[in-house]
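*Asks:* here is my input; please provide its structure:
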Amino acid sequence: MKKASAEKFAEELGVPRSAVTVILSGSLQKVTLDRLLEFVEAVNLTAETRTRRAA
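*Replies:* Prediction:
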């Protein structure tokens, strides 16, 4: 996604551009599941989550 697109997407979601670029860069350590689901919904996708016991 181009910088301008990230800025537009962030504006439409009402979040800082940095929140969009963090997700696009793959740095998901500081991203909440709620924020990620907002982004998924904004681009008309659905998300599936799975849970499992830790090893």
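
*Asks:* now Arg53: how far from Ser5?
*Replies:* Per C-beta to C-beta, to the nearest Å, Arg53 is found 39 Å from Ser5. (C-beta placed from N, C-alpha, C; glycine too.)

*Asks:* can you mark which positions in the least confident helix or strand in the chain by mean pLDDT are buried?
*Replies:* Scoring the helices and strands of the chain by mean pLDDT, DSSP states H and E places helix 3-13 at the bottom, with a mean of 81. Within helix 3-13, the residues scored as buried using 16 or more other C-beta atoms under 10 Å are Ala6, Phe9, Ala10.

*Asks:* cool, and stretch 37-45?
*Replies:* For stretch 37-45, a neighbour-count test (16+ other C-beta under 10 Å) marks Phe39 as buried.

*Asks:* tell me how far the residue most central in space within the chain lies from Ser5.
*Replies:* Against the mean C-alpha coordinate of the chain, by C-alpha atoms, centre = their mean, the closest residue is Leu36 at 3.8 Å. The gap separating Leu36 from Ser5 is 18 Å, by C-beta to C-beta.

*Asks:* what sits up against the least confident helix or strand of the chain?
*Replies:* Contact with helix 3-13 is made by Met1, Pro16, Arg17, Ala19, Val20, Thr21, Leu24, Glu38, Phe39, Ala42, as judged by C-beta atoms under 8 Å, 6 or more residues apart in numbering.
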